[in-house]
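[1] make a model of this:
(chains A, B, C and D)
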2 protein chains.
Amino acid sequence: MVFSWSTNGASRAIRVDDVARVAGVSAITVSRALRTPEKVRPLTLERVLAAVKATSYQVNPIASSLRSGRSSFVSVFVSSLRNEHFANAVQGALDAFEGSRFRLLFEHTGSGEELAVERVQALQPLRPAAIMVTGAVGSVATRDLLRGLGVPVMELWAESADPVDMLANAPAHEGGRLVGRHLAGLGRRSVAYVGSTGPRAQSRLKGLADGLAESGVQPGLIVALEKGRLIEDGMSALDVVMERLPGCDAIFFGSDVLAAGGMLRALERSIDIPGQVAIAGYGDLYFAGHTLPALTSVNISDYQVGRRAGEMLLARLNGRPVDPRVWLAPVTLKARASTEGGPHSRGLEALLAVAK
Amino acid sequence: MVFSWSTNGASRAIRVDDVARVAGVSAITVSRALRTPEKVRPLTLERVLAAVKATSYQVNPIASSLRSGRSSFVSVFVSSLRNEHFANAVQGALDAFEGSRFRLLFEHTGSGEELAVERVQALQPLRPAAIMVTGAVGSVATRDLLRGLGVPVMELWAESADPVDMLANAPAHEGGRLVGRHLAGLGRRSVAYVGSTGPRAQSRLKGLADGLAESGVQPGLIVALEKGRLIEDGMSALDVVMERLPGCDAIFFGSDVLAAGGMLRALERSIDIPGQVAIAGYGDLYFAGHTLPALTSVNISDYQVGRRAGEMLLARLNGRPVDPRVWLAPVTLKARASTEGGPHSRGLEALLAVAK
DNA sequence: GCCGCAGGTGTTAGCGCGATCAATCGTTGG
DNA sequence: CCAACGATTGATCGCGCTAACACCTGCGGC
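    The predicted structure follows:
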């Protein structure tokens, strides 16, 4: 048996036994001191913690997971980090877990929009401490599987009225309603909606309709984009709107990027914004306040949604009850020049004025 | 019975023994069939794989890690996903590992810019299969520690000439040089640089200087922003430049967001772009081609950098040698109207023309 | 026949920790 | 002083897998 005492070689990692010996207690007491300190006498705790510090001991999460049947990983499903709101939310969750013993583990999502049953099944051997899913969990089979895992589940950006467990979201319906009310309140009567077709878009659209209805207005046209995410998509969507709803005096785009495209195309076509057509976006991306004219948009607190989601999960993981289990982020309308009066209220004419 | 483990939590998970029994072999043979199939007779392999399928067996990565001393996690350090380029790169890496047995694990980065020694030490018990770090690993202690772990290390977005192990990057020096050459070639002679102070910014600036030098031009002013990331920072930076370098005829911003701010402020101050001042950005974010005037920028293939980094790591993890160990992404100048002739070549006047 | 060798498979053991239950300690009241 | 009890601490074992080694088979060469 080769056993090296050399200090310069690949020295063996410190284990609970080593700490136990230094502290003059048994291994299990070290384990308890670190996991359930309230079950250890204060004096003992102190000695153990001192020994931990002295030996630079770090718990081996792998061995811990195998024995306890629970890992310290929070499995995260995110369809794409190229979506800025998703990326910001994930960063929020990361920040929430900073300093805790939990880490975020990215699961492969596959190509489909829906979270596939097999993807959840693949989680089982890992025994994640919690699961975070972007978007609602639609299929009943997947919901049952998730519940069966017996761990906290967080649905992010989900519109579901009946979450699997916990949910954090900026309610799209409310966002849409704020825009509808705003547009109708400004006297707009022929309103088009441009956006994708997912459940969040549906809520947003429903909200828009409800907001408009307060003033007796109905959406005049709905342009559903299958995969519309680019500025170019917004540009061509504006053309579609102007062709199919000639008297249109307001367009609500499902994202700020689309809205920016719409404004650019309007500029090209000499359509006055907001004079002829008011334009509103969704998401309040960093550039929204700086387009010309400044883009009216809905702020959805993306970072906060992820941050709060992380905090809720962490609370549950630490044994604290979380109530209520649904958290809705503040959704605020940022009314800017693209829909109403303001420094650039008359669109291009304002640019001229600035340029003198 | 595929779902038996989920519906009533009582049922035990499938283990190697179960598969072994079905296949009529020993547990170790099952393990070998899955990890090193070339060491198993084809006929046996077939029988085992059939049994795996029949039992819906999934390897328990936790137990595997504990025994083998090597996990299937790739530890990732990213300072912030709010940086779009970083988020895109991470998505690239995620896509590269899709379908493999490896998963990305997000490590807490702490507040400091540099990767702290303790953060790497904290990895030790986890035995990650590989490590991915955003930015170069500067400190010698951290470098030694990383090497000591004996796993593949990937430095992303690092300018280092002497990587710890592997490196994937869009060379900032080259990007800067392209801009310098471009600006000087257009006759610009009084060039300012606005950007942050990190190592990548240094390379970019060095590249700019080299590119300008080809035409005998030197940077006329360097504005170092400690934490400049917002449009507003770009706006105020333009004011600084115009005050301290009155004859300035070109500004290179370290990011497109800063550049957008600069252009907006120029518009407010009736500074003609590119007539009076040419403006170039860096990163070629999605809006760069759609500002007015369109923003000249440097495309850095952010998604590809992460994707390729993931592929290189995966190759090494699968035992294939990776050579060369440094991959430099294509860096291309997207020359647009903000620096040169084109549809909006005369800045505001072009807007007027479009507006008729 | 016998050895040597290599490819294929099995046996044993233990990775490091914590669930479980047993043992011990300290305190209180009679 | 001792019993009774709760509060601490300890001994044992196994979580599921695979490294290390043992063994077994078949084959070629002498």
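[2] what ranges does the stretch 101-250 of chain A have for its strands?
    Using DSSP state E, counting those that start in this stretch, the strands of the stretch 101-250 of chain A run over residues A:103-106, A:130-134, A:153-156, A:166-169, A:191-195, A:219-224, A:250-253.
[3] deepest of the ones you listed, which one?
    Mean neighbours per residue, mean count of other Cβ atoms under 10 Å in any protein chain shown, is largest over the strands of the stretch 101-250 of chain A for strand A:250-253, with a mean of 33. Glycine gets a C-beta too; all of them are placed from N, C-alpha and C.
[4] quick one: list the elements packing against it.
    helix A:172-185, strand A:191-195, helix A:231-244, helix A:256-268, strand A:278-280 (3 or more Cβ pairs under 8 Å, 6 or more residues apart in numbering or on different chains; DSSP states H and E).
[5] and the ones you listed: which comes nearest A:I131?
    helix A:172-185 (22.4 Å; Cβ to Cβ).
[6] average model confidence for that closest one?
    The pLDDT scores in helix A:172-185 average 97.
[7] output the contacting helices and strands for that helix.
    strand A:191-195, helix A:199-213, strand A:250-253, strand A:278-280, strand A:297-299, strand A:332-334.
[8] how about the residues of chain A near DNA strand D?
    Within reach of DNA strand D by Cβ under 7 Å from any atom of the strand, chain A has these residues: A:25-29, A:32, A:39-41, A:43-44, A:66-67, A:69, A:125.
[9] report the buried members of these.
    A:25, A:29, A:32, A:40, A:44, A:66, A:125 (16 or more other Cβ atoms under 10 Å in any protein chain shown).
[10] pull the most distant pair out of those.
    Greatest spacing in those, by Cβ to Cβ: A:T44 and A:P125 (35.7 Å).
[11] just how off-centre is stretch A:170-182 within its chain?
    For stretch A:170-182, the separation from the chain centroid amounts to 18 Å (computed by Cα atoms, centre = their mean, to the nearest Å).
[12] please save the CA atoms from it in PDB.
    Output of stretch A:170-182 as PDB, limited to C-alpha atoms (Å, rounded to 0.1, in the frame of the first residue of the first chain):
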ATOM      1  CA  ALA A 170     -44.600  39.700 -14.300                       C
ATOM      2  CA  PRO A 171     -48.200  39.300 -15.300                       C
ATOM      3  CA  ALA A 172     -48.600  39.800 -19.000                       C
ATOM      4  CA  HIS A 173     -52.300  40.400 -18.700                       C
ATOM      5  CA  GLU A 174     -51.700  43.300 -16.500                       C
ATOM      6  CA  GLY A 175     -49.100  44.700 -18.900                       C
ATOM      7  CA  GLY A 176     -51.400  44.400 -21.800                       C
ATOM      8  CA  ARG A 177     -54.200  46.000 -19.900                       C
ATOM      9  CA  LEU A 178     -52.100  49.000 -18.900                       C
ATOM     10  CA  VAL A 179     -51.200  49.500 -22.600                       C
ATOM     11  CA  GLY A 180     -54.800  49.100 -23.700                       C
ATOM     12  CA  ARG A 181     -56.100  51.600 -21.200                       C
ATOM     13  CA  HIS A 182     -53.300  54.000 -22.000                       C
END
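[13] buried ones in that stretch, by neighbour count?
    A:170-182.
[14] past the one helix or strand A:L45 maps to, which element shows up next along the chain?
    A:L45 belongs to helix A:42-55 when assigned by DSSP states H and E. Sequence-wise, the next helix or strand downstream of helix A:42-55 (DSSP H and E) is helix A:61-68.
[15] okay if I get the strands of the stretch 101-250 of chain A as JSON lines plus mean pLDDT?
    What follows is the strands of the stretch 101-250 of chain A, written out as JSON lines (pLDDT from 0 to 100):
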{"stretch": "strand A:103-106", "mean pLDDT": "96"}
{"stretch": "strand A:130-134", "mean pLDDT": "95"}
{"stretch": "strand A:153-156", "mean pLDDT": "96"}
{"stretch": "strand A:166-169", "mean pLDDT": "96"}
{"stretch": "strand A:191-195", "mean pLDDT": "97"}
{"stretch": "strand A:219-224", "mean pLDDT": "94"}
{"stretch": "strand A:250-253", "mean pLDDT": "97"}
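[16] the ones you listed: which one's closest to A:A13?
    The nearest among these, by Cβ to Cβ, is strand A:103-106 at 18.7 Å.
[17] which neighbours in the sheet does the closest one have, and how are they oriented?
    Strand A:103-106 has the following strand partners under DSSP bridges: strand A:73-77 (parallel), strand B:103-106 (antiparallel).
[18] which residues are in contact with the last one?
    Read it as strand B:103-106. If you take Cβ atoms under 8 Å, 6 or more residues apart in numbering or on different chains as the criterion, strand B:103-106 is touched by A:73, A:94, A:103-108, B:72-76, B:78, B:90, B:93-94, B:97, B:126, B:128, B:132.
[19] and for the longest one?
    Residues outside strand A:73-77 that contact it (Cβ under 8 Å, 6+ apart) are A:90, A:93, A:97, A:102-107, A:109, A:115, A:119, A:123, A:126, A:128-134, A:313, B:105.
[20] redo that, cut-off 7 Å
    Here strand A:73-77 makes contact (Cβ atoms under 7 Å, 6 or more residues apart in numbering or on different chains) with A:90, A:97, A:102-107, A:109, A:115, A:123, A:126, A:128-134, A:313.
[21] now stretch A:25-41
    A:16-17, A:19-20, A:23, A:44-45, A:48-49, A:59.
[22] quick one: name the residues of the stretch 1-150 of chain A near chain B.
    Proximity of the stretch 1-150 of chain A to chain B is confined to A:13, A:58-63, A:65-66, A:71, A:80-82, A:84, A:87-88, A:90-91, A:94, A:98, A:103-108, A:122, A:124-127, A:144-145, A:148, A:150 under the rule Cβ under 7 Å from any Cβ of the partner chain.
[23] Throw together a ChimeraX command that grabs the buried residues out of the residues you listed.
    Here is the ChimeraX selection string for the buried members of the residues of the stretch 1-150 of chain A next to chain B, based on 16+ other Cβ under 10 Å:
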select /A:59,60,61,62,63,65,66,71,81,82,84,87,88,90,91,94,103,104,105,106,107,108,124,125,126,127,144,145,148
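[24] also near DNA strand C: which of the residues of the stretch 1-150 of chain A next to chain B, exactly?
    Among these, DNA strand C is touched by A:13, A:59-60, A:63, A:66 when using Cβ under 7 Å from any atom of the strand.
[25] got the phi/psi numbers for the most centrally placed residue in chain A?
    Central residue of chain A (Cα atoms, centre = their mean): A:A89, 3.9 Å from the mean position. The phi and psi values for A:A89, taken as degrees, to the nearest 10, are phi -60, psi -40.
[26] and if you look at A:N60?
    Torsion angles, degrees, to the nearest 10, at A:N60: phi -90, psi 110.
[27] does it touch B:Q124 like I think?
    No - counting by Cβ atoms under 7 Å, A:N60 sits too far from B:Q124 to count as a contact (9.0 Å).
[28] about what we covered before: can you lay out the buried residues of stretch A:170-182 as TSV showing distance to A:V331?
    Converted to TSV, the buried residues of stretch A:170-182 look like this (distance: Cβ to Cβ, whole Å):
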residue	distance to A:V331
A:A170	5
A:P171	6
A:A172	8
A:H173	9
A:E174	5
A:G175	5
A:G176	9
A:R177	9
A:L178	7
A:V179	10
A:G180	13
A:R181	13
A:H182	13
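[29] between those, which is closest to B:L317?
    Set against B:L317, the nearest of the buried residues of stretch A:170-182 by Cβ to Cβ is A:A170 (38.5 Å).
[30] the closest one contacts A:S301, correct?
    Yes - taking contacts as Cβ under 7 Å, A:A170 lies within contact range of A:S301: 5.8 Å.
[31] what's the overlap in contacts for those two?
    A:A329.
[32] tell me which two of the residues of chain A next to DNA strand D sit farthest apart.
    A:L43 and A:P125 (40.5 Å).
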